[in-house]
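Participant: What follows is a predicted protein model with its sequence.
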Amino acid sequence: MSLSTNRCCGILLPISSLSADGESGYGDLGPQAHRFIQFLSESGQKYWQMLPVNPAKAENSPYSSISAFAGNPSFISLEFAAEEGFLEYSAISEIKGLSVLEAENKKREILRKAAARFQKDSPKGSWEEFHLFLDQESFWINDYAWFCALKERLAQKSWSDWPEEIRKRNFRFWERGLLHFLGETSFYYQFEQFLFDRQWKRLKRACQEKEISLIGDVPIFVAHDSADVWAHQEIFDLNEKGFPIAVSGVPPDYFSKTGQLWGNPLYRWDVLKESGYEWWRKRLEISAQRFDAVRLDHFIGFCRYWRVPSGEKTAVSGQWVKGPGADFFSLIVPQIPKLKIIAEDLGVAGEDVYELRDKFNFPGMNVLQFSFGGEEKFLPRNYSPNSVAYTGTHDNDTLKGWIESGPPDEVKRALDYAHSSKSDPENHWKLIQALLESPANTAIIPLQDILGLGSKARMNIPGTTSGNWSWKLDFKSLNSETISKLNKTVLSARRAPSVQSPL
């Protein structure tokens with residue numbers, strides 16, 4: 001289950017950051033994504049790691065989604081949709097110059113018209129492909145489409161506030177007309193997912209042609225107000241009215257003195273076990289189809305999770321509860337042989353977490369910004385070969401931002417280790433070089449760190465809800481100088497694709 005036995009590296013970049021020059025809205029799966037694949041190939045990279053690609057909720061966090069299975073419709077490329085005959089090219093110009101929110105609303109309007117057109121006059125062969133897609137994704141696609149349609153018809157209320165017959169999924173009530181009532185609206189949401197799936201497969205083929213592998217991100221928990229919880233209430237710890245009895249979080253840690261109160265409903269692992277963990281198996285199957293490897297966010301939660309009673313204002317008063325552990329992975333891993341897992345084992349991980357990780361030979365994570373607290377064993381030169389090394393994650397400051405405002409003693413130790421200083425304009429590159437020279441088989445660098453960007457380019461500040469997930473790439477920065485610098489750096493660290501590992 002090791003990710004790679006060769007020394008290689010990649011870049012962390014969310015799809016949402018792929019905004020073309022002068023374009024409105026979020027980045028998407030269109031030409032700019034393919035342009036980035038070309039950059040990865042030319043700069044000696046093996047991996048493109050992304051954040052979760054599921055539909056983000058109002059706060060735009062990719063870790064808070066209305067579905068653990070669906071793709072984010074914001075990532076649908078109108079240009080590619082027009083190229084394939086699903087809409088007119090003239091529609092693309094309608095989003096130029098709009099704000100992000102305006103552009104997203106206009107995009108939905110365009111896609112709704114495309115869905116109506118598709119029903120009446122679909123491009124040759126695509127109607128059959130559409131129904132094949134619905135059959136292949138039958139475990140989740142209808143529930144997702146109904147959920148989105150109901151949200152739309154019921155003023156975006158949370159499903160736990162819906163009328164009881166709908167909240168409890170009384171299908172006799174549905175058969176009396178509700179499904180017919182939702183027909184056109186739910187079709188639109190199916191159509192969106194069909195387009196996303198087509199464009200994703202096109203992206204995957206482009207990556208394979210350039211020998212670039214995709215790394216995805218699977219959050220352990222899902223949002224309460226989601227199609228997953230509404231459709232599978234029996235596997236979540238809910239009361240009779242559908243509200244969580246307790247919620248997820250983490251105790252006080254590096255990021256917060258009061259812990260992090262995530263608020264997700266918790267799983268009923270006993271019920272999941274009775275079904276052979278079917279919901280999780282289906283979820284990881286679709287992840288294995290989309291990605292070459294996945295990072296299991298909060299891997300600790302499979303060993304033990306922090307349970308906070310509903311109604312608490314912080315995560316301080318939670319308690320640890322045992323997770324499914326080896327029983328879960330012993331059943332799941334053999335059933336999905338293509339699945340490669342990276343265990344996000346940061347934070348309050350203990351020996352029990354490391355034992356679970358190592359039992360299945362999952363690579364863990366090492367983060368440079370956490371490596372200079374004073375203990376020799378955490379230094380980059382002591383990273384395990386079977387691990388993935390990062391300069392920082394989406395929750396960290398950028399490397400430049402950390403150099404400027406991180407813990408002074410730790411920053412100094414890091415810069416001394418890399419033979420650099422705060423006044424050195426190349427200090428971020430020297431820290432990247434130090435990370436790449438570590439024994440870790442795989443190294444992933446956030447693109448902001450490669451570009452030497454400061455704290456304004458940070459993706460997320462844990463515990464905050466505004467100003468996050470909004471950084472956009474300026475493609476002009478992916479120039480020949482950046483490509484040359486990256487190639488030189490990965491080659492000297494023996495991580496170029498043509499250089500085999502000495503380990």
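Facilitator: All right, it came through fine. Numbers count the residues shown, from 1 in each chain.
Participant: how near is residue 17 to residue 488?
Facilitator: Here residue 17 is placed at a distance of 25 Å from residue 488 (CB to CB, to the nearest Å). (Glycine included, C-beta is placed from N, CA and C.)
Participant: Which one's more surrounded, these two?
Facilitator: residue 17 (21 against 15; other CB atoms under 10 Å).
Participant: Once you drop chain neighbours, what's closest to the more buried one?
Facilitator: Once flanking residues are discounted, residue 17 sits nearest to residue 473: 5.0 Å by CB to CB, 6 or more residues apart in numbering.
Participant: Isn't the one you found up against residue 15?
Facilitator: No - checked against CB atoms under 8 Å, the pair residue 473 and residue 15 is beyond contact range at 10.6 Å.
Participant: got any residues that touch both of these two?
Facilitator: residue 27 (CB atoms under 8 Å, 6 or more residues apart in numbering).
Participant: Residue 329 looks like it's in a strand, true?
Facilitator: No - counting by DSSP: H, G, I helix; E, B strand; the rest coil, residue 329 is not part of a strand but helix.
Participant: Retrieve the pLDDT associated with the residue nearest to it when sequence neighbours are not counted.
Facilitator: Nearest non-adjacent residue to residue 329, counting by CB to CB, 6+ apart: residue 360, 5.2 Å away. For residue 360, the model assigns a pLDDT of 97.
Participant: what about the strands in the stretch 301-450 of the chain?
Facilitator: 304-309, 319-322, 341-343, 364-367, 387-390, 442-446 (DSSP state E, counting those that start in this stretch).
Participant: Of those, which is nearest residue 27?
Facilitator: Closest approach to residue 27 among those is made by strand 442-446 (15.2 Å; CB to CB).
Participant: Quick check: can you name the pairing partners of that closest one and their directions?
Facilitator: strand 8-12 (parallel), strand 387-390 (parallel) (DSSP bridges).
Participant: Now tell me what touches the first one from outside.
Facilitator: Under the contact criterion CB under 8 Å, 6+ apart, strand 8-12 has outside partners 40, 44-50, 213, 215, 390, 393-394, 436, 441-447, 450, 490, 493, 495, 497.
Participant: which stretches of the stretch 351-500 of the chain have low pLDDT?
Facilitator: Counting by pLDDT under 70, the stretch 351-500 of the chain contains low-confidence ranges at 498-500.
Participant: just the helices in it please.
Facilitator: 351-359, 399-405, 408-417, 427-436, 447-450, 480-492 (DSSP state H, counting those that start in this stretch).
Participant: Out of these, indicate the one that is most buried.
Facilitator: helix 447-450 (a mean of 24; mean count of other CB atoms under 10 Å).
Participant: Please tell me how far the residue nearest to residue 17 sits from residue 453.
Facilitator: 10 Å.
Participant: do residue 292 as well
Facilitator: 27 Å.
Participant: same check, this time on residue 133
Facilitator: Residue 133 is 39 Å from residue 453, by CB to CB.
Participant: For the longest helix seen in the chain, buried residues please.
Facilitator: Assignment by DSSP state H gives helix 179-209 as the longest helix of the chain. Neighbour-count burial for helix 179-209 flags 182, 185-200, 202-204, 206-207 (criterion: 16 or more other CB atoms under 10 Å).
Participant: In terms of secondary structure, what does that helix contact?
Facilitator: When contacts are defined as 3 or more CB pairs under 8 Å, 6 or more residues apart in numbering; DSSP states H and E, helix 179-209 packs onto helix 31-42, helix 78-83, helix 100-120, helix 126-136, helix 141-153, strand 213-218.
Participant: by contact count, what packs against the last one?
Facilitator: Applying 3+ CB pairs under 8 Å, 6+ apart, we find strand 213-218 packed against strand 47-49, helix 179-209, helix 278-290, strand 293-296.
Participant: Could you do the second one as well?
Facilitator: For helix 78-83, the elements it packs on are helix 100-120, helix 179-209, judged by 3+ CB pairs under 8 Å, 6+ apart.
Participant: right, and residue 85 touches residue 123 too?
Facilitator: Yes - between residue 85 and residue 123 there is a contact at 3.9 Å, judged by CB under 8 Å.
Participant: And these two? Which one has more around it.
Facilitator: Neighbour totals were compared for residue 85 and residue 123, and residue 85 leads with 15 against 12 (other CB under 10 Å).
Participant: Could I get the contacting residues of that one?
Facilitator: 123, 126.
Participant: got a pLDDT number for it?
Facilitator: In this model, residue 85 carries a pLDDT of 93.
Participant: Counting neighbours, what do you get for residue 257?
Facilitator: 10.
Participant: An error on my part: the question was meant for residue 322.
Facilitator: Neighbours of residue 322 using other CB under 10 Å come to 10.
Participant: Quickly list what it is bridged to.
Facilitator: Beta-bridge partners of residue 322, as defined by DSSP bridges: residue 304.
Participant: can I assume it is in contact with residue 306?
Facilitator: No - using CB under 8 Å, residue 322 is not in contact with residue 306, being 11.9 Å away.
Participant: From residue 365, how far off is residue 252?
Facilitator: Applying CB to CB to residue 252 and residue 365 gives a distance of 21 Å.
Participant: Give me the more crowded residue out of the two.
Facilitator: residue 365 (23 against 14).
Participant: how close does residue 471 sit to residue 102?
Facilitator: Distance from residue 471 to residue 102, by CB to CB: 20 Å.
Participant: So which of the two has more stuff around it?
Facilitator: Between residue 471 and residue 102, counting by other CB under 10 Å, residue 471 is the more crowded of the two (20 against 13).
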